[in-house]
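Undergrad: just coords:
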């Protein structure tokens, strides 16, 4: 891991842009007659929990929860406590246990995801089939009162999916879903897809990444920093003492989590 190289890549002006408004993480865009959409800003602390008994006492500004498994009452309780909420949905792959799994035709189901039983890649070229299904999931998140949404597995073009996916296919898919989330009043986070960060930073409101410090890839996330948008990083194996100093300096909201993404976390200090 070459942390010094990552730090050197941050121009002073870009870092100041990310820090500006760090304490104003409730920013929103307002239009007459339309509920303002949340624009998360750097400086917020995040918690992601997708398994185990939900712990709402974690000291975090933003809670990201499974969109299909979380009840509206839970979202309302967090809102009443002054928290923001992000809704996780799987966008680029199919999960056999979901309530809408049978609505996905076999023609769009590809290879299994390595290490994730019951999941298969989707043919993202088939927006005619997938967009209505994913639009319904996004609408469910909005109806439950979530402020934002994270779209997972949106880097299929870099994986063995069983389909001949191109980078252009992925950009079209990702931009289309981001636009749909915005139409439904939700902020939207880009999950991984480091190879297309520069092309997608303008379409997304924050970036969320797994293990960029472990794989020495954090420099690719700097366009979000330069745009004054949050970067959330999750490390699974690297000790916080190794990555937190750099994460804090960069303005990343970084934490160590278990792969199961239960309530446990070790969060890095906030940017000072």
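TA: Done, it's in. The shown structure was predicted, so the numbers you read here are calculated from the model rather than taken from an experiment. Numbers count the residues shown, from 1 in each chain.

Undergrad: what's the end-to-end length of stretch 117-135?
TA: For stretch 117-135, the first-to-last residue distance is 25 Å (Cα to Cα, to the nearest Å).

Undergrad: quick check: chain neighbours aside, which residue is closest to residue 160?
TA: Excluding the flanking residues, the one nearest residue 160 by Cβ to Cβ, 6 or more residues apart in numbering is residue 111, at 5.8 Å. C-beta: built from backbone N, CA, C; applies to glycine.

Undergrad: next one: residue 100
TA: Per Cβ to Cβ, 6+ apart, closest to residue 100 is residue 133, 6.6 Å.

Undergrad: which strands and helices lie in contact with whichever strand or helix holds the one you found?
TA: Following DSSP states H and E, the helix or strand that holds residue 133 is helix 127-143. Applying 3 or more Cβ pairs under 8 Å, 6 or more residues apart in numbering; DSSP states H and E, one finds that helix 127-143 contacts strand 84-90, helix 167-183.

Undergrad: just the strands in the stretch 101-250 of the chain please.
TA: Applying DSSP state E, counting those that start in this stretch to the stretch 101-250 of the chain gives strands spanning 109-112, 119-122, 148-152, 187-191, 206-210, 231-235.

Undergrad: just send those back as a markdown table, with distance to residue 103 too.
TA: Formatted as a markdown table, the strands of the stretch 101-250 of the chain follow (distance: least, Cβ to Cβ, whole Å):
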| stretch | distance to residue 103 |
| --- | --- |
| strand 109-112 | 12 |
| strand 119-122 | 12 |
| strand 148-152 | 18 |
| strand 187-191 | 22 |
| strand 206-210 | 26 |
| strand 231-235 | 30 |
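
Undergrad: out of these, flag the one nearest residue 199.
TA: strand 187-191 (10.4 Å; Cβ to Cβ).

Undergrad: gap between the closest one and the chain center?
TA: Computed by Cα atoms, centre = their mean, to the nearest Å, the chain-centroid distance of strand 187-191 equals 4 Å.

Undergrad: give me the contacts around that strand.
TA: With Cβ atoms under 8 Å, 6 or more residues apart in numbering as the contact definition, strand 187-191 has outside contacts at 37-40, 86, 147-155, 174, 177-178, 181-182, 197, 200-201, 203-209, 232.

Undergrad: of these, buried ones?
TA: Using 16 or more other Cβ atoms under 10 Å as the burial test, those include 37-40, 86, 147-155, 174, 177-178, 181-182, 197, 200-201, 203-209, 232 as buried.
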